[in-house]
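[1] Next input, structure requested:
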Amino acid sequence: MYKTLIAVSVMLLLYSCSKDETTYNPAAKGKSGSVTRFAAHNGYLYVLDQNKIKTYMATGSGEPTLQSTVYTDYGLETITIYDAVIYLGSRDGLYILDISNPSLPKVLSKTERSTLFGRCDPVVVQGNYAYSTVKTTENSCGSISAISALITYDVSNKNNPVQIDAVALNQPNGLGIAGNHLFVCDDGDDMIHVFDITSTTPVNYTTITVTDPRDVICTDGKMIVSTANGFWFYNISNISDIKLIGNIAQ
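    Here you go, the predicted model:
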């Protein structure tokens, strides 16, 4: 399913390119889901391994060339780039990396998360705040006794991010932001929680019933939801009147 979501992300990326372009443009603006292990930015491609991030120069033609490899603790899960800063979700915390030198990311900080919380964290960022979901699981991602939650970090100081809030959820997965609202998949409750993030901490606004939601992409007043059985498309331009506009079964 995640591979299919990546395919949809690529379609959105290609759609954002000029119709006259015939080669991949890594500088083009596209959208991907939060549960992803690679990200493109300004001609570079950043790819996660279990304990390292590999940086490739990705030009419009030819094979990408490896520029650097930065090692971390074991357990990298997801990557997102916001305002020219990399955020990595790992099994035991959040990494922040500086890419002012895009060919050689530099680790600025890593949060230390309580062992009470579950693991496997997709991350999204807006302004001075990063939002990450962690969940209980009975596999390598964590312990069944852990707590599932939406965690909010103040990342205004990239060298010292601070956890400021945690909202208990059932089995949260991917998440996305549109304007002042945060959309969080929760396949344990078969719904997407919509939070108002105007204030410092997220406030429950509404929910959308979706069976087994895994990840979301929010762009231009639309939302794509990846589920266990396909993709669902919503118009979210009016947050008080969210409408289902179609689906692709799988």
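
[2] Show me what secondary structure element comes after the host helix or strand of A166.
    According to DSSP states H and E, A166 maps onto strand 162-168. Moving toward the C-terminus from strand 162-168, the first helix or strand encountered (DSSP H and E) is strand 172-178.

[3] what pairs with that following strand, and is each one parallel or antiparallel?
    Strand 172-178 pairs in its sheet with strand 181-186 (antiparallel), by DSSP bridges.

[4] any idea of the mean pLDDT in the partner strand?
    In this model, strand 181-186 carries a mean pLDDT of 97.

[5] So which bits of stretch 218-232 are buried?
    By neighbour count with 16 or more other Cβ atoms under 10 Å, stretch 218-232 contains the buried residues C218, T219, K222, M223, I224, V225, S226, T227, F231, W232. Every residue, glycine included, has its C-beta placed from N, CA and C.

[6] can you check stretch 208-220 too?
    I208, V210, D212, P213, R214, D215, V216, I217, C218, T219.

[7] tell me the contacts of the residue nearest the centre of the chain?
    Central residue of the chain (Cα atoms, centre = their mean): S34, 2.1 Å from the mean position. Residues in contact with S34 (Cβ atoms under 8 Å, 6 or more residues apart in numbering) are T78, T80, P122, V123, V124, G174, L175, G176, D215, V216.

[8] Run the chain-centre distance for the strand holding A166.
    Relative to the chain's own centre, strand 162-168 is displaced by 17 Å; criterion: Cα atoms, centre = their mean, to the nearest Å.

[9] Among the buried residues of stretch 218-232, which pair sits farthest apart?
    Pairwise distances across those (Cβ to Cβ) peak at 18.0 Å, for the pair T219 and T227.

[10] returning to what we had before: contacting residues around the nearest residue to the residue nearest to the centre of the chain once chain neighbours are set aside?
    Using Cβ to Cβ, 6 or more residues apart in numbering and skipping residues adjacent in sequence, the residue nearest S34 is P122, 3.6 Å away. Counting by Cβ under 8 Å, 6+ apart, P122 touches 33-35, 77-78, 80, 89, 132-133, 173-175, 215.
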